[in-house]
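Asker: Here is a sequence together with a model predicted from it:
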Amino acid sequence: MLQISLIKFLLLLIFTINYSSSFSTPLNMSMHSVNMKHILKWTPLSCSTVNYTVQFQGEYELHNLNGSWVNAHDCQEISENKCDLTPDLSSDLDYSIRLMTKCDSETFWTQLPTTFNRRNTMLVAPNMTVAIEGDIIHVGFNTFLPFDITVRLFVSIKGAEQNYSTHVIGMFPYHFSTNVTHRGEKMCFRAEVFVEAINKSCNIDTQCVITKNTPEFGIPVMVSTAVVIVIAVAIILGCSAKRFGPYIKQNFCHREPLPSPLLDLPPKNFVSCMNNSSEQTDPLVVAPA
């Protein structure tokens, strides 16, 4: 009787060990979601042949499809220890995720400890660049996010941040330009990025630039210089016309000579327009009626 009990105990122990080695969860799974890109990762196993298959289950599959699981599109029998689930987890739902591992002749199932929702993604703010070009300040945002964003830009003067102006940028390439309004002072720019798809936002650190200080007499001096140049040019042109006028008249304004028939006529042949008639004429007197 003791031998039979010992044999049963040994068989149960062997079965428990084999069951634990075959159906335990040796993989450390985790979801890395940044800027709406969802990557599932796990620790690899040392097997002669190994492949992984990822499945997910949303609320629709859980309640309407009898708890069925869906195979991830690009993660069927793969050898890598990561899977991009971005196109599969495209709704604001809670997803359960599990991994099937085939290691040599054994199969393991590992499930993510908690459900995942894309609203839990970590937002990393895009880089903001501020540059001055003449009297224009350009503000740009280097972003390659896979979704649309709305940027709220706050412009203020250093030391008077409470008096700021707000500008909304909602279209690619997310660029803003403004004139320099306060010369010789620091103009500061702060931004907030909002993602409407997941109702989440993040802030971008403030950047300040120093604008050039143009002297107050700069513009009058420029105007006076322009007037002096115009007057000088007018004087030079006037002197040049007086000096080179005859030369220009001689070379560009030709005097046409008289026709030869007119040159051959003697002066006596010309008809005088004066009335040289010697005929006597009586004056005409008109008497009143």
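Answerer: Received, thanks.
Asker: so what's Asp88 closest to, chain neighbours aside?
Answerer: For Asp88, ignoring the flanking residues on the chain, the nearest one in space by Cβ to Cβ, 6 or more residues apart in numbering is Ala72 at 5.3 Å. Bear in mind the C-beta positions are built from the backbone N, C-alpha and C, glycine included.
Asker: Share the number of residues neighbouring the one you found, please.
Answerer: 21 (other Cβ atoms under 10 Å).
Asker: Against Val54, how distant is it?
Answerer: Computed as Cβ to Cβ, to the nearest Å, the Ala72 to Val54 distance reads 4 Å.
Asker: about what we covered before: list the contacts of the residue nearest to Asp88.
Answerer: Ala72 sits next to 53-56, 83, 85, 88 when contact means Cβ atoms under 8 Å, 6 or more residues apart in numbering.
Asker: So which residues of the stretch 101-250 of the chain form strands?
Answerer: Per DSSP state E, counting those that start in this stretch, the stretch 101-250 of the chain carries strands over the ranges 106-111, 127-133, 136-142, 150-157, 160-169, 175-179, 186-195, 200-210.
Asker: Tabulate these (a markdown table), appending mean neighbour count, distance to Trp42 and mean pLDDT.
Answerer: Listed next are the strands of the stretch 101-250 of the chain as a markdown table, based on neighbours: other Cβ atoms under 10 Å; distance: least, Cβ to Cβ, whole Å; pLDDT from 0 to 100:
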| stretch | mean neighbour count | distance to Trp42 | mean pLDDT |
| --- | --- | --- | --- |
| strand 106-111 | 15 | 7 | 91 |
| strand 127-133 | 13 | 32 | 90 |
| strand 136-142 | 16 | 32 | 89 |
| strand 150-157 | 18 | 36 | 91 |
| strand 160-169 | 11 | 39 | 88 |
| strand 175-179 | 13 | 41 | 89 |
| strand 186-195 | 19 | 28 | 91 |
| strand 200-210 | 14 | 27 | 89 |
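Asker: if we can go back for a sec, okay, and the common contacts of Ala72 and Val54?
Answerer: Common contact partners of Ala72 and Val54 (Cβ under 8 Å, 6+ apart): 83, 85.
Asker: hang on, the earlier thing: reformat the strands of the stretch 101-250 of the chain as TSV; add distance to Ala226.
Answerer: Output for the strands of the stretch 101-250 of the chain, formatted as TSV (distance: least, Cβ to Cβ, whole Å):
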stretch	distance to Ala226
strand 106-111	79
strand 127-133	24
strand 136-142	23
strand 150-157	32
strand 160-169	34
strand 175-179	23
strand 186-195	30
strand 200-210	29
